[in-house]
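# sequence first, then the predicted structure:
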Amino acid sequence: HGCVSAGVCTYLWLCFQSQGVVGCPVSSAECCVADKTVGCAASMVHGKASVFLQPGKDRIGGTYKKSVYKQYTDSTYTTEIPKPVWLGFLGPIIRAEVGDTIKVHLRNFASRPYTIHPHGVFYEKDSEGSLYPDMSPQDQKKDDAVFPGGSYTYTWTVPEDHSPTADDPNCLTWIYHSHIDAPKDIASGLIGPLVTCKEGILTGTSQRRQDVDVDFFLMFSVVDENLSWYLDENIASFCTDPGSVDKEDEEFQESNKMHAINGYVFGNLPALTMCAGDHVAWHLFGMGNEIDVHTAYFHGETLSIRGHRTDVASLFPATFVTADMIPGNPGRWLLSCQLNDHIQAGMAAIYEVRPCSWQAPEPTLQGRIRKYYIAAKEVQWDYGPSGRDRSSGKQLSEAGSLYRIGGVYWKVKYVEYTDESFREEKQQSEEEKHLGILGPVIKAEAGDTIMVTFANKASWPFSIQPHGVSYGKAWEGMRYHDGVSQNGVSVPPLHNFTYTWTVPKHAGPTSSDPPCLTWMYSSAVDPVRDTSSGLVGPLVICKPGTLDDNNKQKGIDKEFYLLFSVFDENLSWYLSANIKYYLRMEETSLKKDDGFEESNRMHAINGFMFGNLPGLDLCEGDNVSWHLLGLGSEADVHGAVFQGNTLQMNGMRKDSANLFPHTFATAFMQPDNKGTFEIYCQTSNHYQAGMREQYSVSNCNRRALSPALRYRAVRTYYVVAEEVEWDYMPDRSWERERHNHSAESYADIFLSNKDGLIGSRYKKAVYREYTDGTFQTPKARINGDEHLGILGPFLWAEVGEILNVVFKNNASRPYSIHAHGVLERQTGQPQVAHPGDIVTYQWEIPERSGPGPDDSACVPWVYYSMVDPVKDVYSGLIGPLKVCRKGALRTDGIRKDVKREFALLFLVFDENQSWYLEENVQRYSNGSHKDIDLLDEKFVESNKMHAINGRLYANLPGLTMFEGEWVNWYLLGMGQEIDVHTVHFHAETFIYKRGKSYRADVVDLFPGTFEMVEMLAGNPGTWLLHCHVSDHIHAGMEILFQVLPRQGKKFGKQVRILLVRSQVCLLDSICSAQHCHPLLVSFQSQCLQF
């Protein structure tokens, strides 16, 4: 079979097979609802489970036909190799180590064509298993589709340049899946786990890991059966009246979204068992769509991920995480996704830690016993107590409507008392005023014991459940089917209970962690309604010796705790009371429209909105620790941005932190910029809805400031805002070939200008660079800069320089330029340039704007217009900026240690929020403009352009490199809740930094996320680069990058070259001498040598 001699050759006989897969393995769905929903709080199970699992005349229920991968012993495909039952519908585990070759003999027993496409391994064009126009000759396209009854052999290898790095765990988590129409193939069931290990980790023929006792592979995914190829068959087979089904009905579609772990819901995933003391590897991955934001929470134990202590793992579509655990807490524990919607929809399982022969070590808790007295107390909470937007000065509107509650709600919060009598509340210090709705800060060090006496002074049963500490079953604070019933899981009104938690050394911060780790505690009797009602607080665990006698962190002047959460008052226990109290009516008589529900979603930081959070006062030069927390639902995708100063996290320079429900971050700041600045969520609809507060930096003369940096150079750019006609898709030929199997192209809604739609062309404003201050000569985009597309010029500087940006506004409305990361001396918003104005912005680049100690040589930032930061960006005014260490760059701005650099913005350009929307309707749409409803659902969707640098469906030119070159990719995320982007490079892996260096082939991007990865281009060919989120794939968030054979190396016989209009075009079935497709990029002069 042509295996390399240096490694092991693994032969796998896989097939596709259709079968019924049951989300709840019992005889009837009704039994499932009643008896087998073991993974959730009892209060939420019955009604919610029946939505997904109860069949009916127009409901499929919990059983679906799917296609799955199965493994056989040999080419006769008669003897199946059994797989662990906990894999569910996932395919068999494929394992390999560095030096190995994997040969997959694939037979298709299903009813339609499929493929197998891997992540994380090396393959040539004939083994990619992915169908798209890639300029390959026909003899290399056979892997693109294996038809029913057909077979194909795929060959993959694990070379050294794909191996785990020295900082990586011994084995990396990857996946394989079918990739003809990847979203539909995966939703139909064709996905499985793949793992690549360092040399010597796997045993001989069994391919088991020698370094762990057990490993589990879990996929967290809202499996969207509406996308499955078998939807019609499932309707016909399982609905009792198939003719009554409306496939467009929202409730029907929701019933087919199965919030599953390995294809099981509501605690039905079987056999996750291990022994206490085992070394357990958890291989976790997400898959799916925009709603597939998952926080996998391991109750009862802690994990290590990339050397950091945690008990949660953040997972997104095609995010792969390898977590290590040594369980030491016997019992049946919940493993769940902590997003509100996903908790209610049953995304939970039970894992069991058995005592086996393990002997618990003698407790080594030699620290302090720390006692807290905390009550649940009902309060009237005001989200905007000043009555105005503190940043704009505008009045916050009153209730204003018959059916709107306003800004004051009955809530419940954790309140600290002085002792167990609960008679006297503990007075908050000035430094604690900013806590807002948060409960008191619970602090401890590794080795300590925490005793929390909880008094429930509210009118519902509540509890306290902590992250980040160790506890026995009696003190977990949540009820589920774990075989234990304890008082602490639900404390009734007017009752007390004392929780005892410990912080053994293995639960404390690791050597790679900061001195103190941020965690959270909350009520979990009903984890959704309790937290929506207000019961949440911060918990901080530190290394021994970190806290002083006053419980303050040594060496830190100020500590702040910020919770970013969309508090959904519709889910609060107090909704009826709020309607009755504030609207003077019964809930039953209220008109609950979408507007009412939206008005009750409060986009808050610590329960305050629009700048009403008090107490964020800093001194210049202070050592400040920010403890950041997330909570909530699918909407709670937060980019917490700190204007005016930068942060250091894990040795890396940032000005923002990503937060999701039940995730936490600890950031360090030493402010050097006096003034009042905003802390806000970069997610644009959260920013607009009030998720922004203010902090102030003053010169308090407390300590000698470090001497001012002497700037050694001034770099000047001349930038113009100009209005252009922008075409998101100037050529449709690639898209038509890509999706020619579809009766109706996915692109039609975005590209058609019929029926009142606008099409692909829009008026936009863009930044463009000019050669000098006369603004007469635009600077040409050459040497690969054409890849920037809609982006402004790629600005750059080294630490110790000053950037002068001379900005001329040639547009028809006021704009500005504001940059992340740099030191802008003016406080407040940057100066506005009105039409025709020229304004000069001066940005200083001190040390804190450049790379941190564990960063690469350069860090990415962005710049954009801030007159209205949402509408200005959607109108087109955004560009990339990089700041590098002193001496890192050549004179042309490229890093000395890399050959090429590319900047890519992944953004759903929402043209509905552009300043030019009405103008675009009049100019580009056919039909009567007066009849167009700008709020029509189809019209609104048609204007959301899922773009990479402003282009769709492989229309972005310029991403060309040579084999053997080091390439930097600066990847930028902006936008709103739907802008969850998982950026996947076919055929190549890369190195990314998280304090240390790690290997991956997918980067996670969110609004306010700016990442830099380093790739050694090693695989000649034309390859796909795309967002892995299902809807974004279909909507065209795909481009091509091209790796040419190293200079001097001969082209293979399958590639012919033709010079057409000074461009090099690779010819195949979609590019003739008469037509050179724009995706076949110009290589400029460096390619002409061929």
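Structure's in. What do you need?
# CA atoms for contacts and neighbours, from now on please.
OK.
# per-residue pLDDT, the closest residue to Pro148 other than its chain neighbours?
Nearest non-adjacent residue to Pro148, counting by Cα to Cα, 6 or more residues apart in numbering: Asn108, 5.1 Å away. Predicted confidence (pLDDT) for Asn108: 96.
# okay, Asn108 and Ser67: tell me how far apart.
According to Cα to Cα, to the nearest Å, Asn108 and Ser67 sit 10 Å apart.
# next, show the common contact partners of the two.
16-17 (Cα atoms under 8 Å, 6 or more residues apart in numbering).
# show me which of the two is the more surrounded one.
Neighbours were counted for Asn108 and for Ser67 using other Cα atoms under 10 Å; Ser67 has more, 29 against 23.
# pLDDT (mean, whole number) over stretch 132-141?
pLDDT averaged over stretch 132-141 gives 94.
# list the buried residues in that stretch.
Residues 132-136, 141 are the ones in stretch 132-141 that count as buried (16 or more other Cα atoms under 10 Å).
# pretty sure Met961 contacts Gln1042?
Yes - with contacts counted by Cα atoms under 8 Å, Met961 reaches Gln1042, the gap being 6.3 Å.
# still on that earlier bit, out of the buried residues of stretch 132-141, who's nearest Val293?
Tyr132 (27.4 Å; Cα to Cα).
# what about the strands in the stretch 151-300 of the chain?
151-157, 171-177, 191-197, 214-224, 257-261, 273-275, 280-287, 294-298 (DSSP state E, counting those that start in this stretch).
# indicate which one of these is closest to Asn623.
Asn623 lies closest, by Cα to Cα, to one member of the strands of the stretch 151-300 of the chain: strand 294-298, at 30.5 Å.
# can you list the strands that the closest one pairs with?
strand 312-315 (antiparallel), strand 331-337 (antiparallel) (DSSP bridges).
# quick one: contacts of that strand?
Here strand 294-298 makes contact (Cα under 8 Å, 6+ apart) with 220, 286, 311-316, 333-339, 660-663.
# residues contacting Gly200?
With Cα under 8 Å, 6+ apart, Gly200 has these contacts: Glu97.
# let's see it at 7 Å
If a contact means Cα atoms under 7 Å, 6 or more residues apart in numbering, then Gly200 has no contacts.
# same question for the one 10 residues further on.
Contact partners of Gln210, counting by Cα under 7 Å, 6+ apart, are 201-203.
# do Pro113 as well
Residues in contact with Pro113 (Cα under 7 Å, 6+ apart) are 145-148.
# export the contacts of Gln210 to TSV and tack on neighbour count?
TSV is the format used below for the contacts of Gln210 (neighbours: other Cα atoms under 10 Å):
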residue	neighbour count
Ile201	19
Leu202	19
Thr203	11
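# got the domain boundaries for this protein?
Annotated domains of the chain cover 1-22+76-211, 369-698, 716-1088 [automatic domain parsing].
# export the ones you listed to a markdown table and tack on distance to Val353?
Formatted as a markdown table, those follow (distance: least, Cα to Cα, whole Å):
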| stretch | distance to Val353 |
| --- | --- |
| domain 1-22+76-211 | 15 |
| domain 369-698 | 11 |
| domain 716-1088 | 30 |
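# out of those, which is closest to Ile291?
Once the domains of the chain are compared by Cα to Cα, domain 369-698 is nearest, at 5.9 Å.
# correct me, but Glu378 touches Lys413?
Yes - the pair formed by Glu378 and Lys413 meets the contact definition of Cα atoms under 7 Å, at 6.5 Å.
# what about the two, which has more around it?
Taking other Cα under 10 Å, Glu378 and Lys413 do not tie; Lys413 has more neighbours (26 against 19).
# so which residues make contact with the helix or strand where the more buried one lies?
In this assignment (DSSP states H and E), Lys413 forms part of strand 408-416. Here strand 408-416 makes contact (Cα under 7 Å, 6+ apart) with 373-383, 425-426, 437-440, 533-535, 574, 578.
# and whichever helix or strand comes after that strand, what other elements does it pack with?
Tracing the chain C-terminally past strand 408-416 and defining elements by DSSP H and E, one meets strand 442-445 next. Where contact means 3 or more Cα pairs under 7 Å, 6 or more residues apart in numbering; DSSP states H and E, strand 442-445 is packed against strand 536-542.
# just want the angle from the strand it packs on to strand 408-416.
Angle of strand 536-542 versus strand 408-416, following axes from the mean of the first three to the mean of the last three Cα atoms, to 10 degrees, is 30 degrees.
# who does strand 536-542 touch, helix- and strand-wise?
Counting contacts by 3+ Cα pairs under 7 Å, 6+ apart, strand 536-542 is packed against strand 442-445, strand 516-522.
# looking at those strands, which is nearest to Tyr114?
strand 516-522 (44.1 Å).
# name the strands paired with that closest one and say parallel or antiparallel.
As defined by DSSP bridges, the strand partners of strand 516-522 come to strand 465-466 (antiparallel), strand 536-542 (antiparallel).
# and after that strand, which helix or strand comes next?
helix 527-532.
# how much space between Arg781 and Leu791?
12 Å.
# also Tyr372?
Separation of Tyr372 from Leu791 (Cα to Cα): 53 Å.
# next: Trp1023.
From Trp1023 to Leu791 the distance is 23 Å (Cα to Cα).
# equivalent analysis for Ile894, please.
Taking Cα to Cα, one finds Ile894 at 18 Å from Leu791.
# out of the two, which sits in the more crowded spot?
Leu791 (23 against 15).
# the more buried one and Asn949, how far apart?
Counting by Cα to Cα, the gap from Leu791 to Asn949 is 6 Å.
# cool, and Glu634?
Glu634 is 26 Å from Asn949, by Cα to Cα.
# quick one on the thing from earlier: would you list the helices and strands packed on strand 536-542 in CSV and tack on mean pLDDT?
What follows is the helices and strands packed on strand 536-542, written out as CSV (pLDDT from 0 to 100):
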stretch, mean pLDDT
strand 442-445, 98
strand 516-522, 99
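# need those in a markdown table with mean neighbour count and distance to Ile191, can you?
Shown next, in a markdown table, are the helices and strands packed on strand 536-542 (neighbours: other Cα atoms under 10 Å; distance: least, Cα to Cα, whole Å):
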| stretch | mean neighbour count | distance to Ile191 |
| --- | --- | --- |
| strand 442-445 | 24 | 43 |
| strand 516-522 | 25 | 34 |
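# for His299, find the nearest of those strands.
When the helices and strands packed on strand 536-542 are compared by Cα to Cα, strand 516-522 sits nearest His299, at 12.5 Å.
# returning to that earlier point: okay, the strands paired with strand 516-522 in JSON lines with mean pLDDT and mean neighbour count next?
Shown next, in JSON lines, are the strands paired with strand 516-522 (pLDDT from 0 to 100; neighbours: other Cα atoms under 10 Å):
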{"stretch": "strand 465-466", "mean pLDDT": "98", "mean neighbour count": "23"}
{"stretch": "strand 536-542", "mean pLDDT": "99", "mean neighbour count": "24"}
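# in JSON lines, list the ones you listed along with distance to Arg736.
Listed next are the strands paired with strand 516-522 as JSON lines, based on distance: least, Cα to Cα, whole Å:
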{"stretch": "strand 465-466", "distance to Arg736": "53"}
{"stretch": "strand 536-542", "distance to Arg736": "51"}
